[in-house]
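> I would like to see how this sequence folds:
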Amino acid sequence: MLWIVAALGGCSWAPGPALDASRLHDDIGAKTGTDVYPVQLITADVVKNQIDAVAVSNSQDSPAMGADLAASIAKYEYRIGPQDLLGVTVLYNPQLSSSNGNMQMMPVGAGADVSQQQLPLEQNGFRVAPNGEVYYPPVGMLRVAGKTAEQVRSMIATALSKEIRDPRVDVRVVSYRNSRVDVTGLVKNPGSLQITDVPLSMINAIARTGGTLPDADVQKVRLTRGNQVYELDLDTLISRSNGASDFLLQGGDVVNVPDRLASRIFVLGEVVKPTSLLMNKGRLSLADALAGVNSIDVHAADPRQVFVIRGMRDNPTQPSVYRLDMTQVDALLLSTRFRLEPLDVVYIGTSDAVRFNRVLEQITPTIQTAFFTRQLGR
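Numbers count the residues shown, from 1 in each chain. Prediction:
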């Protein structure tokens, strides 16, 4: 038996990479857990009742659900806010217009602060202060935040009517600086888009940033609005299917177009080419996954052990396990209809005969060495 001890001792200087485990305290034989997970056989009923992850990506409380884009555009009005620049034009009275650098003071504004009266015009407009007020010299201070240009026009016209008969006033926003939408992620030109008097929809915002890049996951576009985060499918918004429709964005919204790394499928085990696959527009069937790795290994795989391991949405530590028996006549059809979800793991088991043969492959060199050593010792 000394030769066995010597052979095992030779492992310490055997060539090849090795890790010195003398400084590690690890019980390799210990079980990693005691939980038992039920396995659900993939049948026609399972396929029929499965959830389309893309179809439910537009949550029921999402602004895309039940949205009427045409109606929203028809009633849309821009609300003036701090930092906006307002331009005022008084017909037949250019001295009262914002384009006039030497604007005359009117008696109705006599109570205004002198320091306020000396404020220069910026880009032929009056800047709305952070407190929501704007200083128009002929009138004085006006609170305009949250009002439309038409409402501000009416306010100025009413004030000027004390000195001018039937004043013709026009008010417009010459520079929009109050609200913006940030578009980030995999778009060609990420950046900020100002909210103006032209309504800005989700699809329009993506288009104005150059569109999405090839690796973008358009089925999982995230909209952050206040404290709420919504996950949206752009294809669904464009086609207006499943009750979803394009909708108008609001100031402060953040649109993020992620990459497709979170929509990967992992195919492991006894397959020709174990790899990870990217979902196509958020969808991938079990048959697509198997075809993507050149099918199962016919020499080693057990066709009855095609597992799909899926993490639960509510409890990621409690996976759901499905199994497809490819020896059944309807298995191939079921595989084409069984939808995979992001980060699913497809695992193909090993046949018992191959496992036995692999054990023999491991011990055969040892048996041969023992045999020849014994023969040489005679």
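> and the helices in the chain, which stretches?
Listed in chain order, the helices of the chain (DSSP state H) span residues 2-9, 44-49, 69-74, 114-117, 149-160, 202-208, 234-239, 286-292, 331-337, 352-377.
> sort out which residues of stretch 236-254 are buried, please.
Neighbour counts over stretch 236-254 (16 or more other Cβ atoms under 10 Å) mark Thr236, Leu237, Asn242, Ala244, Ser245, Asp246, Phe247, Leu248, Leu249, Asp253, Val254 as buried. For every residue, glycine as well, the C-beta is placed using N, CA and C.
> residues touching Trp335, list them.
Just so we're on the same page, residue 335 is Ser rather than Trp. Ser335 makes contact with Ile42, Ser285, Leu286, Ala287, Leu290, Val306, Leu324, Met326 under the criterion Cβ atoms under 8 Å, 6 or more residues apart in numbering.
> hang on, I meant Leu85
Counting by Cβ under 8 Å, 6+ apart, the residues that Leu85 touches are Glu122, Gln123, Gly125, Phe126, Arg127, Val128, Val173, Val174, Ser175, Arg177.
> swap in 10 Å and give it another go.
When contacts are counted by Cβ atoms under 10 Å, 6 or more residues apart in numbering, Leu85 is found next to 98, 121-128, 134, 172-177.
> how about Ala353?
Ala353 makes contact with Ala300, Asp302, according to Cβ under 10 Å, 6+ apart.
> what does Asp182 give?
Pro190, Gly191, Ser192, Leu193, Ala205, Thr224, Gly252, Asp253, Val254, Val255, Asn256.
> need the pLDDT of it.
Here, the pLDDT recorded for Asp182 equals 97.
> which of the helices of the chain sits most buried?
helix 286-292 (a mean of 20; mean count of other Cβ atoms under 10 Å).
> chain center to that one, what's the gap?
Relative to the centre of its chain, helix 286-292 is centred 25 Å away, using Cα atoms, centre = their mean, to the nearest Å.
> what about the residue nearest to Val271 when sequence neighbours are not counted, how many residues nearby?
Across the structure, with Cβ to Cβ, 6 or more residues apart in numbering as the measure, the residue nearest Val271 apart from its sequence neighbours is Val293 (4.4 Å). For Val293, the neighbour count with other Cβ atoms under 10 Å is 21.
> returning to what we had before: so for His299, which of the helices of the chain sits nearest?
Across the helices of the chain, the minimum distance to His299, taken as Cβ to Cβ, is reached by helix 352-377, at 7.4 Å.
> on that earlier part again, nearest to Leu232, of the contacts of Leu85?
Lowest distance from Leu232 to those (Cβ to Cβ) belongs to Tyr176, with 25.2 Å.
> among the buried residues of stretch 236-254, which lie within strands?
Residues from the buried residues of stretch 236-254 lying in strands, with DSSP state E as the criterion: Val254.
> quick revisit: mark which of the contacts of Leu85 are part of strands, please.
Secondary structure defined by DSSP E assigns Phe126, Arg127, Val134, Arg172, Val173, Val174, Ser175 of the contacts of Leu85 to strands.
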